[in-house]
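> Below is the structure, and that's it, no one-letter string:
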């Protein structure tokens, strides 16, 4: 402990550390707005240099860091933190403690995007979205947060060169003048920082919706950014995600090629018939990216909404009231049904082309409506799923 | 008015009504249901090195 400063306190094993204010000795937490350590008691801000902290902990001791059980210096409680937690508040007295033993024996993240959205801003953003909602129940609009947790979620960031040659088909024109053609494209691109969530506990659908992160803001990892927040460590190895990364790159690439044929050749219903992709992963980086997890209750069910800790994007499915929805549906139906029936009657059934097009259009809308309802159902399940609530609660 | 016209009218009205309601509900309650797009992960356009339209598919074997 020879490099311990007056502002750092270690646990009994000399492993954990709480940063304390040089002025009033209260615990310090990382402040997303200023990018400095903030004393919530006297309001002072300190850079890590001022605290003599950076020199001790930003030294790169290789790629590994350690995880451990630690004792809280404030209340003396012994905390058994889960394998997947690398920094935590004391669950008993609420003191922020960064556990550097974990930082010494598990793989140290290479990069981090620090929180730039504060807790209050995250709640404000969610409240704004909830109040905007047309069918959100009143109880939800007046929600009170059960729990709000800022978590650094582990991600693997893939850089890769991607090239492909593709044979596509598409239709030009409509009706009797519609013709099917084939198209050939050869192209290449370079993907940078393709984000793949490295935590098994967090649902992939939820983590994908946190995108995009502005990866230009990636900073070399420093443990001081963890102070005041929770963080998770990866439990999905980068090699396990290689296939997912390539599939993700392929999807993005294919969309661009289809767009090129659709817009360039005015073709619709464009499909890829054959492809011959070639990928070269050039770099894989391990990074912690910020997210707020906000939990509220509605009819005894916890709903966990996510807010991207960098961009403020709000993610989740809100519960809805069925009665006003049904009433709106019936109102539109009652107005449109006689009009549509009169129209069909007027068109008649001699020329089935126009009638067929109208019915086809209606069937298309029905398909889109059912897809929308399915999306809403999935989002609702994601937000009310016990695993996402547990993810934030366990940390 | 024929029975078929009434039936088709009801089907069309129900489809449009359900579509409108689902759109409003999706916008209001399904928050942030988007993923990163191509330009979130790439700095430049896809470089198309060879572009051939209206080709005979049999000439491409791969």
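Yes, it's here. Only a predicted model underlies this, so the values are computations on that prediction, with no experimental measurement involved. Residues are numbered from 1 along each chain as shown, chains lettered A, B, ... in the order given.

> mind checking pLDDT for residue 10?
All of this is about chain A. Confidence at residue A:10, expressed as pLDDT, is 41.

> nope, chain B
Looking at residue B:10, its pLDDT stands at 95.

> Helix, strand or coil: sort out the nearest residue to it once chain neighbours are set aside for me.
Nearest non-adjacent residue to residue B:10, counting by C-beta to C-beta, 6 or more residues apart in numbering or on different chains: residue A:337, 5.1 Å away. Every residue, glycine included, has its C-beta placed from N, CA and C. Look at residue A:337: counting by DSSP: H, G, I helix; E, B strand; the rest coil, its state is helix.

> can you check the one 4 residues further on too?
For residue A:341, the secondary-structure state derived from three-state DSSP is helix.

> Mind telling me what element the residue lying closest to it once chain neighbours are set aside is part of?
Using C-beta to C-beta, 6+ apart and skipping residues adjacent in sequence, the residue nearest residue A:341 is residue B:9, 2.8 Å away. Element membership for residue B:9 (DSSP states H and E) is helix B:3-29.

> in the longest helix that chain A contains, what counts as buried?
If you go by DSSP state H, chain A has its longest helix at helix A:352-384. Within helix A:352-384, the residues that qualify as buried are A:355, A:358-359, A:362, A:365-366, A:369, A:372-373, A:375-376, A:379-380, A:382-384, counting by 16 or more other C-beta atoms under 10 Å in any protein chain shown.

> Identify, from those, the entry nearest to residue A:123.
Nearest to residue A:123 out of the buried residues of helix A:352-384 is residue A:383 (C-beta to C-beta; 16.0 Å).

> Now for the closest residue in space to that closest one that isn't next to it in sequence: which residues touch it?
What sits nearest to residue A:383 in space, not counting adjacent residues and going by C-beta to C-beta, 6+ apart, is residue A:316, at 4.1 Å. Counting by C-beta atoms under 8 Å, 6 or more residues apart in numbering or on different chains, residue A:316 touches A:303, A:304, A:305, A:306, A:379, A:382, A:383, B:31, B:32.

> Can you pull out the residues in contact with stretch A:346-353?
A:175, A:354, A:355, A:358, B:2, B:4.

> mind checking the SS state of the nearest residue to residue A:227 once chain neighbours are set aside?
Setting aside the residues directly before and after it, residue A:227 is nearest to residue A:30 in space (C-beta to C-beta, 6+ apart), at 4.7 Å. Here residue A:30 is recorded as strand under three-state DSSP.

> what about chain B, any weak spots by pLDDT?
Applying pLDDT under 70 to chain B flags the ranges B:1.

> in a strand, that's where residue A:272 is, yeah?
Yes: counting by three-state DSSP, residue A:272 is located in a strand.

> State the distance from it to residue B:45.
Going from residue A:272 to residue B:45 by C-beta to C-beta, to the nearest Å gives 18 Å.

> Same question for residue A:36.
Distance, residue A:36 to residue B:45, by C-beta to C-beta: 40 Å.

> Would you mind measuring from the residue in chain B that chain A sits nearest to to residue A:373?
Proximity of chain B to chain A (C-beta to the nearest C-beta) peaks at residue B:9, 2.8 Å away. Applying C-beta to C-beta, the value for residue B:9 to residue A:373 is 23 Å.

> Could you do residue A:272 as well?
From residue A:272 to residue A:373 the distance is 29 Å (C-beta to C-beta).

> same check, this time on residue A:190
When distance is defined by C-beta to C-beta, residue A:190 is 39 Å away from residue A:373.

> what's the answer for residue A:362, then?
Noted for residue A:362: a distance of 16 Å to residue A:373, by C-beta to C-beta.

> Could you do residue A:288 as well?
Here residue A:288 is placed at a distance of 36 Å from residue A:373 (C-beta to C-beta).

> For residue A:372, give me its contacts.
Counting by C-beta under 8 Å, 6+ apart, the residues that residue A:372 touches are B:19, B:22, B:23, B:25, B:26.

> Mind doing that once more with 10 Å?
Residue A:372 sits next to B:18, B:19, B:21, B:22, B:23, B:24, B:25, B:26, B:27, B:30 when contact means C-beta atoms under 10 Å, 6 or more residues apart in numbering or on different chains.

> got it, and residue A:241?
When the contact criterion is C-beta under 10 Å, 6+ apart, the partners of residue A:241 are A:155, A:156, A:158, A:194, A:196, A:197, A:198, A:234, A:248, A:284.

> Point me to the residue of chain A nearest chain B.
For chain A, C-beta to the nearest C-beta, closest residue to chain B: residue A:341, 2.8 Å.

> Might one say that that residue is in contact with residue A:333?
No: checked against C-beta atoms under 10 Å, the pair residue A:341 and residue A:333 is beyond contact range at 11.8 Å.

> which ones are touching the closest residue in space to residue A:231 that isn't next to it in sequence?
Using C-beta to C-beta, 6+ apart and skipping the chain neighbours, the partner closest in space to residue A:231 is residue A:152 (3.8 Å). The contact partners of residue A:152, taken as C-beta under 10 Å, 6+ apart, are A:86-87, A:109, A:112-115, A:221, A:225-226, A:229-233, A:287-291, A:309, A:395.

> now residue B:53
A:168, A:170, A:172, A:181, A:182, A:183, A:184, A:185, A:261, A:264, A:265, A:267.

> cool, and residue A:290?
A:32, A:112-117, A:150-153, A:210, A:213, A:225, A:229, A:231, A:307-311.

> Output the longest strand belonging to chain B.
Using DSSP state E, we find that the single longest strand of chain B is strand B:47-52.

> Any residue of that strand touching chain A?
Yes: using C-beta under 10 Å from any C-beta of the partner chain, strand B:47-52 reaches chain A at B:47, B:48, B:49, B:50, B:51, B:52.
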